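Undergrad: coordinates only, sequence not included:
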């Protein structure tokens, strides 16, 4: 695996020789996924229903999976040369196509669904093409090419075949089967991909960046809601402050953990099971953040004095899902009895308990109560976090 370099062959500023970091090109590709996540969260709408939330959650999965397959491919090899950039640009164009049509899936008719499926399949095909290029120079990638090539061909047939079925349970059931097959492929091909190189620090950094993308959608939603307010009032100021406290607290919760300490996930390089727990554990965690962010924008932008119960359930359920999932990921590395794991599980159960308050308290009160629960978790975890950082710094100095 080559380290990221600039055009002149020098490491990017601030990067030590041999240290693997996200390249500027990877960050450009992230911009396409920023738009895709935004289109998915917008499906929740101004008045969320079970159907709109379920649709957004279902369509978040293929967008998330596209980001994962491009990220893991870059983690395994990233020559950052002309061929690599041109192929990946084609893939990002296809992801942009997914972004254009994902908002209309289920609403725009067969043409919109077909365009979404074709763009998704095209984005997946580019990944296979990049592995084919790599396999020409390194035999290590040939088993991966065979597994992912065959898997992509099979699931692509389901994605395209589903377009010819009637819109509704038949089409979306076939698409769900295709998506489940793609998610299962790394487990089915574990022996073939186990020999691929893994850079745990790069992987940790990339998932942190995608988490920032998802939290950023929440910040965008609350600022747009405040900007659309007809006039500035004390109530809107308090609501905005509470919503921002929720966003800041979620960021703090994710990054105020062992995931921010260099070397904290080195075990992933040796154990495929830990890599699976880390990668797939982020799916419900980041989905929860996305749904919570969508509901946060609704709460801020609404004209009603209270948060609608459906929006409150989306917000608090999403935050609870994030906490439960992040606890599960931590438990894979530290064991289920670690205090932070238990704290997050208990906190995850506490958020749904706030839902009945939604029709009876002002918007700002519900949001401040949510932020207070998050802040309490951060404060409880802070001493252990400081000890981990101190131990890590002492080990690095020694």
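TA: Now that the structure is in, tell me what you want to look at. Here the structure is a predicted model, which means the values were calculated and not measured.

Undergrad: so which residue is smack in the middle of the chain?
TA: In the chain, the C-alpha nearest the mean C-alpha coordinate belongs to residue 286, at 4.2 Å (Cα atoms, centre = their mean).

Undergrad: and that residue, what helix or strand is that in?
TA: helix 272-301 (DSSP states H and E).

Undergrad: how about residues contacting the helix or strand residue 25 falls within?
TA: Assigned by DSSP H and E, residue 25 belongs to helix 24-42. Helix 24-42 has contacts (Cβ atoms under 8 Å, 6 or more residues apart in numbering) with 12, 56, 59-60, 63, 66-67, 70-71, 74, 78, 80, 85, 88, 92, 95-96, 98-100, 102-103, 206, 209-210, 213-214, 216-217, 220-221, 290-291, 293-294. Just so you know, the C-beta spots here come from the backbone N, C-alpha and C atoms, and that holds for glycine as well.

Undergrad: show the buried residues in the residues you listed.
TA: 56, 59-60, 63, 66-67, 70-71, 74, 78, 80, 88, 92, 95-96, 98-100, 102-103, 206, 209-210, 213-214, 216-217, 220-221, 290-291, 293-294 (16 or more other Cβ atoms under 10 Å).

Undergrad: which residues touch residue 366?
TA: Per Cβ under 8 Å, 6+ apart, neighbours of residue 366: 299, 306, 307, 312, 354, 357, 358.

Undergrad: what pLDDT does the closest residue to the residue nearest to the centre of the chain other than its chain neighbours get?
TA: Closest residue to residue 286 apart from its sequence neighbours, by Cβ to Cβ, 6 or more residues apart in numbering: residue 214 at 5.1 Å. Here the pLDDT value assigned to residue 214 is 96.

Undergrad: now swap in the one 5 residues further on and tell me
TA: The score at residue 219 is 94. That number is its pLDDT.

Undergrad: name the helices or strands packed onto the host helix or strand of residue 172?
TA: Following DSSP H and E, one finds residue 172 within helix 169-188. Helix 169-188 is packed against helix 50-76, helix 109-137, helix 142-163, helix 272-301, with contacts defined by 3 or more Cβ pairs under 8 Å, 6 or more residues apart in numbering; DSSP states H and E.

Undergrad: buried residues, that helix. List them.
TA: 171, 172, 174, 175, 178, 179, 182, 183, 185, 186.

Undergrad: again, but for stretch 190-205
TA: With burial defined by 16+ other Cβ under 10 Å, the residues of stretch 190-205 counted as buried are 192, 193, 196, 198, 199, 200, 201, 202, 203, 204, 205.

Undergrad: one more: stretch 44-51?
TA: For stretch 44-51, burial by neighbour count (16+ other Cβ under 10 Å) applies to 44, 45, 48.

Undergrad: ok, the residue nearest to the first one when sequence neighbours are not counted - contacts?
TA: In other words, residue 44. Closest residue in space to residue 44, ignoring its immediate chain neighbours: residue 294 at 4.0 Å, by Cβ to Cβ, 6+ apart. Going by Cβ under 8 Å, 6+ apart, residue 294 touches 41, 42, 44, 48, 56, 217, 218, 221, 314.

Undergrad: wait, the fifth one touches residue 293, no?
TA: No: look at residue 56 against residue 293 with Cβ atoms under 8 Å: they stay out of range, at 10.9 Å.

Undergrad: still on that earlier bit, can you give the contact residues for the helix holding residue 172?
TA: Taking Cβ under 8 Å, 6+ apart as the rule, helix 169-188 contacts 58, 61-62, 65, 106, 113, 117, 124, 147-148, 151-152, 154-156, 158-159, 161-163, 165, 193, 276, 280.

Undergrad: please repeat the previous calculation with a cut-off of 7 Å.
TA: 61-62, 65, 113, 147-148, 151, 154-155, 158-159, 161-162, 165, 193, 276 (Cβ atoms under 7 Å, 6 or more residues apart in numbering).

Undergrad: got it, and stretch 155-163?
TA: Residues contacting stretch 155-163 (Cβ under 7 Å, 6+ apart): 110, 113-114, 117, 120-121, 124, 171, 174-175, 177-178, 181-182.

Undergrad: just give me the closest of these to residue 247.
TA: Nearest to residue 247 out of these is residue 120 (Cβ to Cβ; 29.7 Å).
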